[in-house]
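Q: Predicted model, plus sequence, below.
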Amino acid sequence: MLSTIPSLRAFAFSLCGNADRADDLVQETLMKAWINQNSFTQGTSMSAWLFTILRNVFYSEYRKRRREVEDAEGTMAARLVSVPEQNGHMDLQDLRAALQKLPPEQREALILVGGSGFAYEEAAQICGCALGTLKSRVNRARNAIAALLAIETSSEIGRSEWPASGEFSSVLMWERN
C-alpha cells in the first residue's frame, strides 16, 4: 500500500490540479482502504483497488462541491431566513380581532379597498356612498387598526409576516398602488 503513494499523488494531482488537495485525496484514499481492507480480494491488484478508491473519492467530493456555494463571509447564509409561521398566525388573529372592533361601515370599506383590492370608486359604488365618505371610512379604519395593533409606522407591516395564504395581507395598505 505504501509503495503506491507516489503514483496515487500523481494521479490525484492530475485530477484536481492542486498539490494540497491531492495530498488530502491520497490521505482519504488510504484511510478508506485501511478501514475497508477486508473488502480487498487477495490475488488482485492492490494499486488498481487504491486508484479506484481515489477516483471514487474525488468524484464523490466533486459532485458534493458542485452543489455547494462559496460563502466565506457568510453573506449568503445571512440572507437565508425562515420566518416562523407562528408569528404570522398570531398577527392574523390579532388583525381579525381588531377588524371586529371596527364599526361595520369602516370594516367593509377597509376590506373592499385594502383586502379585495377594489379602487376607491368601485368600493364607493358597492357601499352606496360618496367617494369622499368611503375614503374617510378607510382612513379612519386604518388609523383605528393601527391604534388597536400598536402600529406606529407602515414599516412595521410586511407581507412576509403574514401567513402563506396571503389572507388580509394588504388590508393595512398605507398607500394605494
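A: That came in fine, so what should we check first?

Q: Alpha carbons of stretch 64-83, as PDB, please.
A: Below are the C-alpha coordinates for stretch 64-83, written out as PDB (Å, rounded to 0.1, in the frame of the first residue of the first chain):
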ATOM      1  CA  LYS A  64     -20.900  17.300  -3.500                       C
ATOM      2  CA  ARG A  65     -19.000  20.600  -4.100                       C
ATOM      3  CA  ARG A  66     -20.900  21.400  -7.200                       C
ATOM      4  CA  ARG A  67     -24.000  21.900  -5.100                       C
ATOM      5  CA  GLU A  68     -22.200  24.000  -2.500                       C
ATOM      6  CA  VAL A  69     -21.800  27.700  -2.700                       C
ATOM      7  CA  GLU A  70     -18.600  29.600  -1.600                       C
ATOM      8  CA  ASP A  71     -19.700  31.800   1.300                       C
ATOM      9  CA  ALA A  72     -16.600  32.600   3.300                       C
ATOM     10  CA  GLU A  73     -18.000  35.800   4.700                       C
ATOM     11  CA  GLY A  74     -21.500  34.400   5.500                       C
ATOM     12  CA  THR A  75     -23.400  36.800   3.300                       C
ATOM     13  CA  MET A  76     -25.400  34.100   1.600                       C
ATOM     14  CA  ALA A  77     -26.200  32.400   4.800                       C
ATOM     15  CA  ALA A  78     -27.300  35.600   6.400                       C
ATOM     16  CA  ARG A  79     -29.900  36.000   3.600                       C
ATOM     17  CA  LEU A  80     -31.400  32.600   4.200                       C
ATOM     18  CA  VAL A  81     -34.100  33.300   6.700                       C
ATOM     19  CA  SER A  82     -37.100  31.300   7.500                       C
ATOM     20  CA  VAL A  83     -39.700  33.400   9.300                       C
END
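
Q: mind giving me the domain ranges of this structure?
A: As assigned by automatic domain parsing, the chain contains the domains 2-75, 85-161.

Q: Just the pLDDT at Leu112, thanks.
A: Listed pLDDT for Leu112 reads 91.

Q: Leu99: neighbour count?
A: 19 (other Cβ atoms under 10 Å). For every residue, glycine as well, the C-beta is placed using N, CA and C.
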